[in-house]
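Chemist: Starting from these lines, generate the structure:
(2 chains)
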2 protein chains.
Amino acid sequence: MAEFQVIGRRVPKLDAWDKATGAAQYVHDLVLPRMLHARILRSRLPHAEILHIDTSRAKRLAGVRAVLTGADLPGLRFGFRKDNLPLKVDRVRCLGDEVAAVVAVDEETAEEALEQIRVDYRELPPVFDIEAALRPDAPRIHEELESNLVQLSYPFEHGDVEQAFAEADVVVERAYTLRYVTHACLETMGCVASWDPQGGLTIWSTTQVPFLYQKDLSEALGVPGDRIRVIQPKLGGGFGRGLDIYSMDILCALLARQIGRPVKMVYEREEEFVACPTRQPVQFSVKSGARKDGALLAREARVLLDVGAYVSWGATTPYVMMATVTGLYRIPHVKFDSLMVYTNNPSTAAMRGYGNLQATFAVESQMDELARELGMDPLEFRLRNANRPGDLTPQAMTITSCGLRECLETAAREMGWAGPAARRGDGRRLRGIGFASLFHVAGGARVYKSDGCGAIVKIDDFGKVTLLTGASEIGQGAETALAQITAEELGVPLERVQVVNDDTAITPWDVGVHASRTTFIAGNAARLAAADAKAQLLQIAARVLNEPVERLVVQEGVVRSVTDPRKELPYDKAIRAGHFKEHGEMIVGQAFYDPPTEMQDKRFIGNISTTYTFGTQAAEVEVDIETGEVQVLRVVAAHDVGRAINPLGAEGQIEGGLAMALGYALTEELVVRQGAILNPNFVDYRLITGADMPRTTVILIETDDPAGPFGAKGIGEAGAICTAPAVANAIYDAIGVRVTELPITPERLLRAIRQAGHG
Amino acid sequence: MAEFQVIGRRVPKLDAWDKATGAAQYVHDLVLPRMLHARILRSRLPHAEILHIDTSRAKRLAGVRAVLTGADLPGLRFGFRKDNLPLKVDRVRCLGDEVAAVVAVDEETAEEALEQIRVDYRELPPVFDIEAALRPDAPRIHEELESNLVQLSYPFEHGDVEQAFAEADVVVERAYTLRYVTHACLETMGCVASWDPQGGLTIWSTTQVPFLYQKDLSEALGVPGDRIRVIQPKLGGGFGRGLDIYSMDILCALLARQIGRPVKMVYEREEEFVACPTRQPVQFSVKSGARKDGALLAREARVLLDVGAYVSWGATTPYVMMATVTGLYRIPHVKFDSLMVYTNNPSTAAMRGYGNLQATFAVESQMDELARELGMDPLEFRLRNANRPGDLTPQAMTITSCGLRECLETAAREMGWAGPAARRGDGRRLRGIGFASLFHVAGGARVYKSDGCGAIVKIDDFGKVTLLTGASEIGQGAETALAQITAEELGVPLERVQVVNDDTAITPWDVGVHASRTTFIAGNAARLAAADAKAQLLQIAARVLNEPVERLVVQEGVVRSVTDPRKELPYDKAIRAGHFKEHGEMIVGQAFYDPPTEMQDKRFIGNISTTYTFGTQAAEVEVDIETGEVQVLRVVAAHDVGRAINPLGAEGQIEGGLAMALGYALTEELVVRQGAILNPNFVDYRLITGADMPRTTVILIETDDPAGPFGAKGIGEAGAICTAPAVANAIYDAIGVRVTELPITPERLLRAIRQAGHG
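Modeler: Numbers count the residues shown, from 1 in each chain, chains lettered A, B, ... in the order given. I've put the predicted structure just below:
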């Protein structure tokens, strides 16, 4: 693209070399002088009263430095609803609940000490089922609460849904069941805490929201936030895992303070499976109605979420589900409600897509079914109802840029779609093609008090540009995109830009990596800070070149007059000219970008983001109707990215999301029985690997978003959102069987085939 | 002082805890993954041709990774006059000259490899004497230069010196001899270099001027400056040692690049003595004349400096000597010249006081002698001629604040001075009191292209203030003073302020720690950046309190209306009010402070600093005339500090300087014979230790400098400058013998006593 010098170029991630060569330092690599190691004792019962904890033998073990139980702690609660304690005092509410913590000279000794701790429990009746948990006589998970219903819901109604259903020619109603999956980050969770003698805490963490982590830790420790410095080393995955603080973070800090030495705590893989949160399992009931001519009239959804024993940031995911129910395709009448329920099941939290994977599976499965019921081509039905630029959704979200129609058409063309054709192929192996689209915030969702990001751009004498940004790199390539945006705005080569983004004590604030917000919000902040720096630079250049500022531009590192080509000056020379004189100057630009969103939060109405992203994925599958095995042959992903800052990175993000979502569709499930995770390992919990990946084509649709930096929207989650329904719809296209439960294992599919009377 | 909340308080250094508890990390502590260790082979001849270097055996040694000689290097010269090579190719010019470098798995192996390197030399005639080196037939140190005279001198003349001497009633002329001393930092010099695969170098160094180091290294390596990141860990001493780059820095970087692994190089103590530079040995000839009434009429000085084999930043020290010759006391007619000469002696460089110790020893010894010749009380004579506020020196330095008279009077009063009284005490042990004053730049000396410093002040949601400054902490307490200035300006408690100052990639530019400039220049930058941040803060507070900005102040962390006491708001609450709203804001202040100095550099005329510091030290000594031993009984140091930002730190700096200068006066000498340092260890090179310290009284005179931050001036060097002449003058007061050579060892003093016909 000729209009840009740096953005639009396919750039390997700036940290790729370090990661590929092993130079990158993760929390796991961190070693501090005199560092000790800690481990946590966890409950092996899903619901029980703690009668007594005997730590005396553990404390006597050589090499053990301290053993903590809940009784030793100040009793400060933490978590999104302050319903959790770092070590449980009277009661455990799920398997894995933290009961005691040990710090010792090494991990083995700490582990040995855990085995020496004796806990006497009195078992309590557990509840593992949402409906059962809502019964008045159900065992109460939190005894101080009135019921197991989380007092947080998102009721919404727009138009007249009853009337619309009455007028509809076709109505489809169905319940979809989504089960447990987890982030499965390659790097397990960890932290290292170190206190200085004045009471300041430095903590190295796998968090993805360092500034919220600072705040949460401050509250959980009862330590002023300004005494806490959060450093985020290279991160081996986030995907939402790092949005909350956990008992481990608090315990690590408390143990380090008690002992007066740095303490490290990292999870082993099995612990990661057991102690890390999961995506919410959901019962998603949806009813939709349409007219014969294909006009979508109404949609109503009721969602039941099992949050597990404690509430996390994941409690806001229904808000995202609601947006999809009300906003994916034009829909005049809509109703949404959700219930979140405490159980003794594993805890849940935010995970890539943040409720939207579940919602989109339900909505897009149903869209497909409606089309079939109407006798319409599912592609045509979607095009008929597709959102368009200028639309205002029932929730009052203002859609500016919107490439949904183009995504649908592109995906269909690329896939060679020629209309519905069930039972393609031979008798046993049948092929089909399915579509699904997505609607997602593409930059922020004002769920915290601020959705902003700060940026500082300093340029040194050599022309080296440093972007100080609050926005973390968690493997998603944000650093590279932000460097490109900064370089583009400044008009300098990318290799002159360095990004500093790992230390709350140094960088300006950011709400953290979530909601696909970094390229959009941190990108705008970086662009504005760079523009501020450029303005300073041009002031100096104007003096040196004796040319009005308005006539100057910076291109490829050279300040040029647009009217007099003889007047030019390398930008670093301009900086030195400003610096190396009496009354010298320096170049430091800054900006805080807070998107102009609005949220009338009592009614969930308003433009919660400035920008929304759309996309369509088409999947081609082959189903073995005798074994129930599904092979995905090909996926075409056409995504409206606004502007591809780094096409290589954007494609990578979409491919990565898609791989995760194929697991969600077909293979990944934490098997939970009686509150226990039965497959906490990578043999029994089956991720999609590179070898499993189908032929994949990613097509980036550029719609030049008016609010995005150079038109870009966030795409961190988009790739994952609509893959599963595309696969499910392709299965229907192949064999005429509708699946409503994920993952679509051979067993489940065979059962569905049998129930449908096929096969 | 009621007018200030934070400054003027006696504050322990912010890094004191870390240093006291061992938590502080120095270059010596640094360990990087896969790090190798390097050592340097040095010449054992002071002047020789290199005929051949055989490294084959060294290369074959197990554990050796690379061996470099000059032939392997690109031949890029470095140093202040670009007269040095990291490894010498054809010729060595001093003992210790670098001939080869080895990198190996550990230091022992590298050391063993050095012993396996065979160098064939042809000895060349050496020259160790300045006068001899200036003879036309002297062996040339740099064969490409016309002579051994460094082409850099500082001739200056003001008034009519000849005429003035003719009119003088008393004229004294004398030559003073100053010998070799060295910095003797507790932490030996070191660096760790690590390259990333894209060609970026990160170097951890004991430099005290990270940004100049970045530039110098860029030139020495032929690598663009923006590829070099300099990190300065905690530093165990600087004192001017860290003003230049050295072969070690370049070699460490080159070896690391060649091997593709991090390389560490640190000096052993003996190497530190041999390879680190020294203070310049000087022949200082001074002639002064005065009228009978005590009016100083004229002074003329000619200085000969032995720079050794290579020229460092120390080559600019005559410029500082000149300032003292022309500016200490009012003097209407003055003349100065200096010659710097290459020899085969040890190399010299900047050292605390930067030429002023030598100059002040000469000038103040002579002032004392003039007073005695005039029959005046030396204190009266000094008061008669003392500089005053508003004076313009012959070099056109504008003296604004000046507490010299008060320093003289305070020191005399505190010491109980009652006039000259030679031979106080009994027959063998005689006591005397001596005075000496100082004149020194107290913040910058525009010797580089910029004397400025940049600062960024960010305040986070918790009210934590981060000062990002280019100004390093090298043990002098700058960090603490800058934090106090920032806190004072913002009106917040000191413990809310943190200073980030150790990484060129993060902090804004500063020319580095030298010339007592940090409190003054970096202090002004910090103050201005804090004022910028405060203005932003008050804008927000004004909206919240509904009160005009002009009526608001911040005191002890609370924004208050000066007219309506009910209107108040904690400052961190104001920040959150600005942040946590739609269209949020952040607080980032910034400033670049470049002192309004001027230098007409061709003629050495102009106001090279904005601020000058004065001080007087009085020493009481007891001299054993039979052994020549001098015991310093007491020192009173009255120093014009402008404003004491941190009185504890200011006193510490003055005491530290004074201890160093007592060594210069009495015990410290690098014994150099035929170019060799004969006492490269702490047994034979005698520092003054705590146990040797006399009773010391430091009195801070506050003169509220108009340009200084809150009136402060720099005092990093002041404590060291006039101690030696005060001791020498006290010896004269005690026994009537004038010493003109330092250190005043018992042998030297006995010789002087005998020559004077006393004893």
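
Chemist: Can you give the distance from stretch A:322-335 to the centre of its chain?
Modeler: The offset between the C-alpha centroid of stretch A:322-335 and the centroid of the whole chain comes to 22 Å, using C-alpha atoms, centre = their mean, to the nearest Å.

Chemist: and the end-to-end length of it?
Modeler: Length of stretch A:322-335, first residue to last, C-alpha to C-alpha, to the nearest Å: 9 Å.

Chemist: Show me which residues of the stretch 401-550 of chain A sit near chain B.
Modeler: Taking C-beta under 8 Å from any C-beta of the partner chain as the test, the list of the stretch 401-550 of chain A residues beside chain B reads A:449-450, A:452, A:454, A:456, A:458, A:460-464, A:466, A:468, A:495-496, A:498, A:500, A:504-506, A:508-509. (Each C-beta comes from the backbone N, C-alpha and C, glycine too.)

Chemist: Only whichever of these are buried, select them in ChimeraX.
Modeler: The ChimeraX command for the buried members of those (criterion: 16 or more other C-beta atoms under 10 Å in any protein chain shown) is given here:
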select /A:450,452,454,456,458,460,461,462,463,464,466,468,495,496,498,500,504,505,506,508,509
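
Chemist: any idea how chain A splits into domains?
Modeler: The record's domain split for chain A, according to automatic domain parsing, is A:31-124+A:183-275, A:282-445+A:600-755, A:452-593.

Chemist: now the helices for the stretch 1-150 of chain A?
Modeler: With DSSP state H, counting those that start in this stretch as the definition, the stretch 1-150 of chain A shows helices at residue ranges A:16-21, A:56-60, A:107-115, A:130-134.

Chemist: how about the ones you listed, which one is nearest chain B?
Modeler: Shortest distance between chain B and these, using C-beta to the nearest C-beta, is found for helix A:16-21: 4.4 Å.

Chemist: Using PDB, list the CA coordinates for that closest one.
Modeler: Provided in PDB are the C-alpha atoms of helix A:16-21 (Å, rounded to 0.1, in the frame of the first residue of the first chain):
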ATOM      1  CA  ALA A  16      10.600 -13.400  17.800                       C
ATOM      2  CA  TRP A  17      14.400 -13.700  17.800                       C
ATOM      3  CA  ASP A  18      14.600 -13.700  21.500                       C
ATOM      4  CA  LYS A  19      11.900 -16.300  21.800                       C
ATOM      5  CA  ALA A  20      13.400 -18.400  19.100                       C
ATOM      6  CA  THR A  21      16.900 -18.300  20.500                       C
END
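
Chemist: Need the residues that contact it.
Modeler: A:Lys13, A:Ala23, A:Ala24, A:Lys234, B:Asp196, B:Pro197, B:Gln198 (C-beta atoms under 8 Å, 6 or more residues apart in numbering or on different chains).

Chemist: That one: how far from the chain's middle?
Modeler: Its chain's C-alpha centre and that of helix A:16-21 lie 24 Å apart, by C-alpha atoms, centre = their mean.

Chemist: again with stretch A:382-389
Modeler: In terms of C-alpha atoms, centre = their mean, the centre of stretch A:382-389 is found 26 Å from the chain centre.

Chemist: Next: stretch A:382-396.
Modeler: Here the centre of mass of C-alpha atoms in stretch A:382-396, compared against the chain's by C-alpha atoms, centre = their mean, lies 24 Å away.

Chemist: Equivalent analysis for stretch A:341-359, please.
Modeler: Taking C-alpha atoms, centre = their mean, one finds the center of stretch A:341-359 at 12 Å from the center of the full chain.

Chemist: now do stretch A:355-362
Modeler: Offset of stretch A:355-362 from its chain centre (C-alpha atoms, centre = their mean): 14 Å.

Chemist: what do you get for stretch A:184-194?
Modeler: On C-alpha atoms, centre = their mean, the centre of stretch A:184-194 falls 17 Å from that of its chain.

Chemist: List the buried residues in it.
Modeler: Along stretch A:184-194, the positions that meet the burial threshold by neighbour count (16+ other C-beta under 10 Å) are A:Ala184, A:Cys185, A:Glu187, A:Thr188, A:Met189, A:Gly190, A:Cys191, A:Val192, A:Ala193, A:Ser194.

Chemist: Over to the first one. Which of the three states is it?
Modeler: When the structure is split into helix, strand and coil by DSSP: H, G, I helix; E, B strand; the rest coil, A:Ala184 lands in coil.

Chemist: which ones are touching it?
Modeler: A:Ala184 sits next to A:Gly237, A:Glu272, A:Glu668, A:Phe682, A:Tyr685, A:Leu687 when contact means C-beta under 8 Å, 6+ apart.

Chemist: Dihedrals phi and psi, it?
Modeler: For A:Ala184, the backbone dihedrals (degrees, to the nearest 10) come out as phi 50, psi 50.

Chemist: Quick check: the gap between it and chain B.
Modeler: In this structure, A:Ala184 and chain B are separated by 27 Å, where distance is defined by C-beta to the nearest C-beta, to the nearest Å.

Chemist: Leaving out the residues flanking it, which one is nearest to the most centrally placed residue in chain A?
Modeler: Of all residues in chain A, the one closest to the mean position by C-alpha atoms, centre = their mean is A:Arg352, 3.2 Å from it. Across the structure, with C-beta to C-beta, 6 or more residues apart in numbering or on different chains as the measure, the residue nearest A:Arg352 apart from its sequence neighbours is A:Phe239 (4.5 Å).

Chemist: List the contacts of the residue nearest to A:Asp692 when sequence neighbours are not counted.
Modeler: Take A:Asp692 and drop its neighbours on the chain: the residue closest to it by C-beta to C-beta, 6+ apart is A:Leu662, 7.5 Å away. Shown here is A:Leu662, whose contacts under the criterion C-beta under 8 Å, 6+ apart are A:Val632, A:Val635, A:Ile688, A:Asp692, A:Met693, A:Pro694, A:Thr723, A:Val727.
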